[in-house]
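1. sequence first, then the predicted structure:
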Amino acid sequence: MGYLTTHILDTTKGIAAAGVKIQLFRHDSSGQKNLIHSTTSNDDGRCDTPLLDKQDFVSGVYELEFAIEEYFLQQGVPLPSPSFLNVVNIRFGISDESSHYHIPLLVSPYSYSTYRGS
C-alpha cells in the first residue's frame, strides 16, 4: 500500500519549518473539498506519521494547505499587511495506490516551490 508524506523547509533560514499547521483535503467527484487530516510539522519540518496510508490511500484529487503566514509570524519575521503568502495550497493527484507520494515545500515569505519527491 502507498502513503503520503511532506517536508517543509524555510529557505530564508535554511532550516526545517517546525510548527506549520497542515490540512489535507480530498476532492470528491463534484469538486467539493473534504478535510481528512490535520496536523502540525515537527522539529524536522515533517509529520510524525504519514498524512495518508493503508486503507485511506486511494487514487483521487487532494489538496494540502500550509499555514505559512502564521509560521513566519511565529518566527518573528516582519510581514506586510496583508502578507504576500498566507496559505500555500498544493492540489495534486494520486494515481498509483501502491506508491509513496512525497510533497516537499520550500518556502519563504515571498515564494515557494514544490515537486514530487521520493
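-> That came through fine.
2. does D43 touch A18 like I think?
-> Yes: the pair D43 and A18 passes the contact test of Cβ atoms under 8 Å, sitting 4.7 Å apart. Any C-beta I mention is one placed from the backbone N, CA and C, and that applies to glycine too.
3. those two: which is more packed in?
-> A18 (17 against 10; other Cβ atoms under 10 Å).
4. against F92, how distant is G31?
-> Per Cβ to Cβ, to the nearest Å, G31 is found 15 Å from F92.
5. now the strands for the protein?
-> 3-10, 15-16, 21-27, 33-40, 52-53, 60-67, 87-94, 100-108, 111-114 (DSSP state E).
6. among the ones you listed, which gets the worst mean confidence?
-> Across these, strand 52-53 has the smallest mean pLDDT, namely a mean of 90.
7. quick one: it to chain centroid distance?
-> Distance, stretch centre to chain centre, for strand 52-53: 14 Å (Cα atoms, centre = their mean, to the nearest Å).
8. other SSEs contacting it?
-> Applying 3 or more Cβ pairs under 8 Å, 6 or more residues apart in numbering; DSSP states H and E, we find strand 52-53 packed against strand 3-10.
9. tell me the angle of the strand it packs on relative to strand 100-108?
-> Relative orientation of strand 3-10 versus strand 100-108 (axes from the mean of the first three to the mean of the last three Cα atoms, to 10 degrees): 20 degrees.
10. show me what the closest residue to F92 other than its chain neighbours is bridged to.
-> Spatially, and ignoring its direct neighbours in sequence, F92 is nearest to Y62 (5.9 Å; Cβ to Cβ, 6 or more residues apart in numbering). Note on Y62: beta-bridge partners R26, F92, judged by DSSP bridges.
11. tell me which residues are up against stretch 98-112.
-> Contact with stretch 98-112 is made by 1-12, 17, 64, 66, 68, 72, 77, 79, 83-85, 88, 90, 92, 94, 113-118, as judged by Cβ atoms under 8 Å, 6 or more residues apart in numbering.
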